[in-house]
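J.: What would the 3D arrangement of this be:
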Amino acid sequence: QVQLVESGGGLVQAGESLRLSCAASGRTFSSYGMGWFRQAPGKEREFVAAIRWNTNTWYADSVKGRFTISRDNAKTTVYLQMNRLKPEDTAVYYCALEGSVGRYDYWGQGTQVTVSS
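T.: Next up is the predicted model:
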């Protein structure tokens, strides 16, 4: 059974940084893509960033240039470095494992990120 556990969320002021972590277990981590998504109150969940097994990365336009996704296969952990945070980045952030191309089958419980203005 795949388990994904996020950590690193918190309350910060606009312009500050946070690094989220997602520890994975239950699969050969290095073989799978991983993604970060977020859901703000009253809004649908949206894609933030993804990294494939070959370290190719993708970003939502809203975070491009500010957020960086990375992975450490030895630690079976994926990270989301978030810089120059904005109040509109406030959301619950979820990591997910891409079981097949474009399909995220496993999700973590989420970690809250709150950015005050």
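J.: Need the contact partners of the longest strand along the chain.
T.: If you go by DSSP state E, the chain has its longest strand at strand 91-100. Here strand 91-100 makes contact (CB atoms under 8 Å, 6 or more residues apart in numbering) with 2, 4, 6, 9, 20, 22, 24, 27, 32-40, 43, 45, 48, 50, 52, 78, 80, 104-113. Just so you know, the C-beta spots here come from the backbone N, C-alpha and C atoms, and that holds for glycine as well.
J.: partner residues bridging the most centrally placed residue in the chain?
T.: Residue closest to the average C-alpha location in the chain (CA atoms, centre = their mean): residue 36, at 2.8 Å. On the basis of DSSP bridges, residue 36 takes part in beta bridges with residue 49, residue 95.
J.: Residue 69 is in contact with that one, correct?
T.: Yes: between residue 36 and residue 69 a contact is recorded at 6.3 Å, counting by CB atoms under 8 Å.
J.: which residues do the two both contact?
T.: The contact sets of residue 36 and residue 69 overlap at 49-50, 78, 80 (CB under 8 Å, 6+ apart).
J.: Name only those of those that count as buried.
T.: 49-50, 78, 80 (16 or more other CB atoms under 10 Å).
J.: and the end-to-end length of stretch 104-117?
T.: The first and final residues of stretch 104-117 sit 33 Å from each other (CA to CA, to the nearest Å).
J.: Next, the buried residues of it.
T.: 104, 106-108, 110-111, 113, 115.
J.: How about residues contacting it?
T.: Here stretch 104-117 makes contact (CB under 8 Å, 6+ apart) with 2, 4-14, 16, 18, 20, 22, 35, 37-39, 82, 85-99.
J.: quick check: mean pLDDT across that stretch?
T.: For stretch 104-117, the mean per-residue pLDDT is 96.
J.: how far is it from where the chain is centred?
T.: 7 Å (CA atoms, centre = their mean, to the nearest Å).
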